[in-house]
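*Asks:* can't give you the sequence, but here's the structure:
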């Protein structure tokens, strides 16, 4: 298999054209919902996470592929984010807005603030727009000043940044004070901002997150990340998220690599060791023949094959193959998962993209999840292709 050509075909033949068609030229941004039967709801709420990720995607695609035509699509997302998603009065970014750009859910979630920084940083790299960078820094300052407590980064806030219950990033009956997921994506956002600016202040915050990651989030006994925590970073649930483990296995290492010359070699080596252990564990526990399981809760394996988990597994196993080229099993895993994606996850119907989830044999799950919604976007699969092509 020509891996790079395979992912290029996915990117340029399916992912980019699909999301170009989701552009809303009447009200701005990109449409927020398409159901499993490909019915597009032009009046659905527009998630600000969705819009941030689309902004990131078209900006990074323009940068990596050197395609000036994609800047137009990034600019379209950027204008909507600046005009409609950013709270001009209190700062930060809303959770969602209506189809015509009015505030819908005014929750300010740290996770959502992080994705805005990530998107604005790469948009600045792609266009040189200094206002985008200023906005990224304004949200960076909000996270550091308003979204922290005595033990680290908090989660959910109202529109004025008063703490509220973290129901948006909790599940399985757990309401968490801290989550691995939010911390991971703050690190990702700060990595993007650092890549764009080489700001040592941002690097210092990244180093602080890595310390928390090593000492609080990574579970060395189980070789996994714990997921949900109380305010003191005590684990709340026996949950292994294979998708987040494999995502972190390359994403944390990528951000750490940007700190070359700043980070202590012992910390760098410890992160590399942890990331390798995460990848090995996912390979041993969750990779089965041609694809990766979703998660394991209380020793119950969830066998669904979720779109973003497969995309992150491709990158995670590829990262391991490059670190340890003699371990050919990882390159073979990449090839088998890409084949699974081509045959089972990419929806062959005209006007569609990837299915959200399937069973191991490729059959539909009972949930019939949407093709487009707040969390179903060109971020994971688009990033998979762009990372592979940028190597």
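*Replies:* Noted; the coordinates are in hand. Note that the structure is predicted; figures quoted are calculated from it, not measured. Residues are numbered from 1 along each chain as shown.
*Asks:* tell me the phi and psi of residue 346?
*Replies:* Torsion angles at residue 346 (phi, psi; degrees, to the nearest 10) stand at phi -70, psi 120.
*Asks:* What's the local residue count around the residue lying closest to it once chain neighbours are set aside?
*Replies:* Distance criterion C-beta to C-beta, 6 or more residues apart in numbering; nearest residue to residue 346, sequence neighbours excluded, is residue 354 at 5.7 Å. No exception for glycine: its C-beta is placed from N, CA and C like everyone else's. For residue 354, the count of nearby residues is 24 (other C-beta atoms under 10 Å).
*Asks:* again, but for residue 367
*Replies:* Using other C-beta under 10 Å, residue 367 is surrounded by 10 other residues.
*Asks:* so it touches residue 357, yeah?
*Replies:* Yes - contact between residue 367 and residue 357 holds when scored by C-beta atoms under 8 Å: they sit 7.2 Å apart.
*Asks:* Tell me how many other residues crowd residue 192.
*Replies:* Counted with other C-beta under 10 Å, residues neighbouring residue 192 total 26.
*Asks:* Determine the three-state secondary structure at the closest residue to it other than its chain neighbours.
*Replies:* Nearest residue to residue 192, sequence neighbours excluded (C-beta to C-beta, 6+ apart): residue 121, at 4.1 Å. Following DSSP: H, G, I helix; E, B strand; the rest coil, the label given to residue 121 is helix.
*Asks:* Find me the pLDDT at residue 121, would you?
*Replies:* With respect to pLDDT, residue 121 scores 98.
*Asks:* got the contact list for it?
*Replies:* Residue 121 sits next to 132-133, 136, 189, 192-193, 195-197 when contact means C-beta atoms under 8 Å, 6 or more residues apart in numbering.
*Asks:* Am I right that residue 288 is in contact with residue 360?
*Replies:* Yes - in this structure residue 288 lies within contact range of residue 360 using C-beta under 8 Å: 7.1 Å.
*Asks:* returning to that earlier point: let me know whether the residue nearest to residue 346 touches residue 347 as I believe.
*Replies:* Yes - with contact defined as C-beta under 8 Å, residue 354 reaches residue 347; the gap is 6.5 Å.
*Asks:* quick one, what contacts the residue nearest to residue 346?
*Replies:* By C-beta under 8 Å, 6+ apart, the contact list for residue 354 reads 14-15, 307, 341, 345-347, 371, 381.
*Asks:* if I look at it, how far off is residue 254?
*Replies:* From residue 354 across to residue 254, the span is 23 Å (C-beta to C-beta, to the nearest Å).
*Asks:* bridging residues for residue 149?
*Replies:* residue 152 (DSSP bridges).
*Asks:* burial measure for it, as a count.
*Replies:* Residue 149 has 11 neighbouring residues, counting by other C-beta under 10 Å.
*Asks:* Then residue 338?
*Replies:* Using other C-beta under 10 Å, residue 338 has 23 neighbouring residues.
*Asks:* ok, now residue 69?
*Replies:* Count around residue 69 with other C-beta under 10 Å applied: 10.
*Asks:* how close does it sit to residue 15?
*Replies:* From residue 69 to residue 15 the distance is 15 Å (C-beta to C-beta).
*Asks:* Also residue 251?
*Replies:* Separation of residue 251 from residue 15 (C-beta to C-beta) stands at 19 Å.
*Asks:* Residue 77 now?
*Replies:* To residue 15, residue 77 is 15 Å away according to C-beta to C-beta.
*Asks:* When those two are compared, which one has more neighbours?
*Replies:* Using other C-beta under 10 Å as the criterion, residue 77 and residue 15 rank with residue 77 on top: 27 against 22.
*Asks:* who's in contact with that one?
*Replies:* With C-beta under 8 Å, 6+ apart, residue 77 has these contacts: 29-30, 51, 54-55, 58, 119.
*Asks:* could these go into a markdown table alongside secondary structure, distance to residue 182 and neighbour count?
*Replies:* Formatted as a markdown table, the contacts of residue 77 follow (DSSP: H, G, I helix; E, B strand; the rest coil; distance: C-beta to C-beta, whole Å; neighbours: other C-beta atoms under 10 Å):
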| residue | secondary structure | distance to residue 182 | neighbour count |
| --- | --- | --- | --- |
| 29 | coil | 24 | 28 |
| 30 | strand | 24 | 25 |
| 51 | helix | 19 | 28 |
| 54 | helix | 20 | 28 |
| 55 | helix | 20 | 31 |
| 58 | helix | 24 | 31 |
| 119 | helix | 16 | 32 |
